[in-house]
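[1] Generate a structure from the sequence data that follows.
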Amino acid sequence: MQMIEISSGKGPTECEMAVGRYMDIFLREHSNATIKEKQNGSIASSGRLAKECYKGALLEVPEGEAVELGTVKWI
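    The predicted structure is shown next:
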């Protein structure tokens, strides 16, 4: 199995939202991938946890499946 890490680093809530959205897209494109771990993101300005925001996630993908490597800049 291959492990893929997605992280917002030290970025603001917008970066945490990008992690959540990228993870959703990745899981749709790689149906054999599974979430091994998620680290919840910051508290939204409303005082509630933003459901789609994550500090980071660890995904597991079957060996040999082609996956993206490197840095993704979400615009």
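[2] which phi and psi does residue 40 have?
    Main-chain dihedrals, residue 40, degrees, to the nearest 10: phi -60, psi 150.
[3] next one: residue 39
    Backbone torsions of residue 39, given as degrees, to the nearest 10, read phi -110, psi 110.
[4] Relative to residue 55, how far out is it?
    4 Å (CB to CB, to the nearest Å). Glycine gets a C-beta too; all of them are placed from N, C-alpha and C.
[5] who's more crowded, these two?
    A count of neighbours by other CB atoms under 10 Å puts residue 55 above the other of residue 39 and residue 55, at 18 against 13.
[6] Could you check the pLDDT of the more buried one?
    You'll see residue 55 listed with a pLDDT of 89.
[7] What is the helix or strand it falls within packed up against?
    Assessed by DSSP states H and E, residue 55 sits inside strand 54-61. Here strand 54-61 touches strand 2-7, helix 13-29, strand 34-40, going by 3 or more CB pairs under 8 Å, 6 or more residues apart in numbering; DSSP states H and E.
[8] Flag the shaky bits of this structure, pLDDT-wise.
    Counting by pLDDT under 70, the chain has low-confidence residues at 43-51, 74-75.
[9] wouldn't residue 6 be in contact with residue 24 here?
    No. Using CB atoms under 8 Å, residue 6 makes no contact with residue 24, being 10.8 Å away.
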